[in-house]
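*Asks:* Predicted model and sequence below, questions to follow.
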Amino acid sequence: MSRRPSSETMRNSLKLATRLSLTAAGGAAALVREKLVRVGEAALSFASSPHEDHDERFVALDVALDLDFVAGEPLHARALAAAQGYELRAIDRPASAGVFGHTDIRNLAREFADLQDAMFAALDDGAVCRKDRQAILAELADVERMAQAIRSKVEASA
């Protein structure tokens, strides 16, 4: 019997974080081809595999950090925090630029869709009330933050 302080559930959460980050980042092949991680496709596959032959294989912390940057969210950090009873929250200062990728496009499209929904909802009854105005302004702020983050990534890639 293992005396490890982490549980199988906690370790499975880390594997899930790896799978999710690989998906969000466009796949292991693209990451390796673009040299965005220091490991190969096989290592990424083993680290994300739920198969019992690979249950002790995980990405190293620096690889998890790179994956999370490319995925556009701290998936591994959330799994690590949750395993220890903590919760992550965003801070109001810009993080390092990271790498522009497919996730940025998807996230921006989602933000625009949320803004569009708020604007249509506001116009449904023919009058923009205080609550509608607040919802639209909040969604606009989200779109602006996302656009600025993308701008930083694109500028950093030049």
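*Replies:* Right, received. Where do you want to start? Numbering: from 1, shown residues only.

*Asks:* how many other residues sit next to Ala17?
*Replies:* Ala17 has 26 neighbouring residues, counting by other Cβ atoms under 10 Å. C-beta: built from backbone N, CA, C; applies to glycine.

*Asks:* Can we start the residue count at 40 from this point?
*Replies:* All right, first residue 40 from here; so that's Ala56.

*Asks:* That one reaches Leu114, doesn't it?
*Replies:* Yes. The criterion here is Cβ atoms under 8 Å, and Ala56 meets it with Leu114 at 4.1 Å.

*Asks:* what about Ala152, how many residues close to it?
*Replies:* Applying other Cβ under 10 Å, we find 11 residues neighbouring Ala152.

*Asks:* The helix or strand harbouring it: how far from the chain's middle?
*Replies:* Per DSSP states H and E: Ala152 is located in helix 141-162. Distance of helix 141-162 from its chain centroid, counting by Cα atoms, centre = their mean, to the nearest Å, is 17 Å.

*Asks:* And for stretch 95-102?
*Replies:* Here the centre of stretch 95-102 is set off from its chain's centre by 17 Å, with Cα atoms, centre = their mean.

*Asks:* cool, and stretch 88-104?
*Replies:* Centroid displacement of stretch 88-104 relative to its chain, using Cα atoms, centre = their mean, is 18 Å.

*Asks:* Of all the residues in it, which ones are buried?
*Replies:* Residues 97-98, 102-103 are the ones in stretch 88-104 that count as buried (16 or more other Cβ atoms under 10 Å).

*Asks:* Spatially, which two of these are the most separated?
*Replies:* Spatially, the most separated pair among the buried residues of stretch 88-104 is Phe97 and Val102, at 9.1 Å (Cβ to Cβ).

*Asks:* quick one: common contacting residues for those two?
*Replies:* The contact sets of Phe97 and Val102 overlap at Ala86 (Cβ atoms under 8 Å, 6 or more residues apart in numbering).

*Asks:* quick one: Arg50 from Arg43, how far?
*Replies:* According to Cβ to Cβ, to the nearest Å, Arg50 and Arg43 sit 9 Å apart.

*Asks:* quick one: which of those two has more around it?
*Replies:* Using other Cβ under 10 Å as the criterion, Arg50 and Arg43 rank with Arg50 on top: 16 against 9.
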